[in-house]
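K.L.:
Predicted model follows, preceded by the sequence.
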Amino acid sequence: MNPARRKMLKITLLGIMVSVVLLIIINRYVFSWTGLISSAVGLCKYKSVAVPAENGYPVKLSQAYDIPQIASVMRTNRNYEINEHYNGNGLAVSRMFNGVKYNVLLYENHNGVTEFNLNTYNFAGYSSGLVTDGERCTTPSYALERNVQRIIDDLPLSDLQKSELKQNIRVQTTIDLKLTF
């Protein structure tokens, strides 16, 4: 292969690599083009947040969380809706971001261990009427994570507790399989 052809091949390969890296960055932080494609072919219904547990079960946390104290402090912040559950042993801290309600859930189980869960619910609805439980598929995953992190940052917790909650944030895509035969 002559040197001019080799140089052109290197430039082309470098261009392809840079393009792929840019598409990955854009997909994560700006606009989810993979979400656009998957929703167009009927594979994505909506995006939501969850914890890394099976079947939507809460994650058991390693630290103690004072649920009544968290509820008391968070009630003073007008950005949040606070709902207590299980006679004060459970708490849902909710905040709206662009018509989507993000819920951070803390529960004190019968063994004194605090459990943590997350979800979203879209109260505003979108013009298509398809999205009811979360964000559009084209919303970048980073935006969902950032919204949950904002809620966690506002909670009256130690840095170690906030870190534990943040490491359990997962973005999930709900698949809509409209299979017809």
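P.N.:
On my side now, so go ahead.
K.L.:
wait, isn't Thr139 in contact with Tyr46?
P.N.:
No. Contact between Thr139 and Tyr46 fails when scored by CB atoms under 8 Å: they sit 9.0 Å apart. The C-beta positions use only the backbone N, C-alpha and C, and glycine is treated the same way.
K.L.:
Between the two, which is the more surrounded one?
P.N.:
Tyr46 (24 against 20; other CB atoms under 10 Å).
K.L.:
The nearest residue in space to that one that is not next to it in sequence: neighbour count?
P.N.:
With CB to CB, 6 or more residues apart in numbering as the criterion, Tyr46 has its nearest non-adjacent residue at 4.0 Å, and that residue is Gly134. Gly134 has 24 neighbours, counted by other CB under 10 Å.
K.L.:
quick one, what contacts Gly134?
P.N.:
Listed by CB atoms under 8 Å, 6 or more residues apart in numbering, the contact partners of Gly134 are 46-49, 100, 120-122, 144, 174.
K.L.:
With Ser62 instead?
P.N.:
Going by CB under 8 Å, 6+ apart, Ser62 touches Glu164.
K.L.:
next one: phi and psi at Ser62?
P.N.:
Dihedral pair for Ser62: phi -90, psi -10, per degrees, to the nearest 10.
K.L.:
gap between it and Asp154?
P.N.:
Using CB to CB, to the nearest Å, we find Ser62 at a distance of 22 Å from Asp154.
K.L.:
Can you give me the buried ones in stretch 76-84?
P.N.:
Going by neighbour count (16 or more other CB atoms under 10 Å), the buried part of stretch 76-84 is 80, 82.
K.L.:
same check, this time on stretch 140-157
P.N.:
Applying 16+ other CB under 10 Å to stretch 140-157 flags 140-141, 143-145, 147-148, 151-152, 154-155, 157 as buried.
K.L.:
ok, now stretch 31-50?
P.N.:
32, 34-35, 38-39, 43-50.
K.L.:
mind checking how far Arg5 is from Asp153?
P.N.:
Arg5 sits 54 Å away from Asp153, going by CB to CB.
K.L.:
helices and strands around the longest helix along the chain, which ones?
P.N.:
If you go by DSSP state H, the chain has its longest helix at helix 3-29. Applying 3 or more CB pairs under 8 Å, 6 or more residues apart in numbering; DSSP states H and E, one finds that helix 3-29 contacts helix 33-40, helix 141-154.
K.L.:
I'd like those written out as TSV, with distance to Asn168 and mean pLDDT added.
P.N.:
Formatted as TSV, the helices and strands packed on helix 3-29 follow (distance: least, CB to CB, whole Å; pLDDT from 0 to 100):
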stretch	distance to Asn168	mean pLDDT
helix 33-40	23	79
helix 141-154	10	96
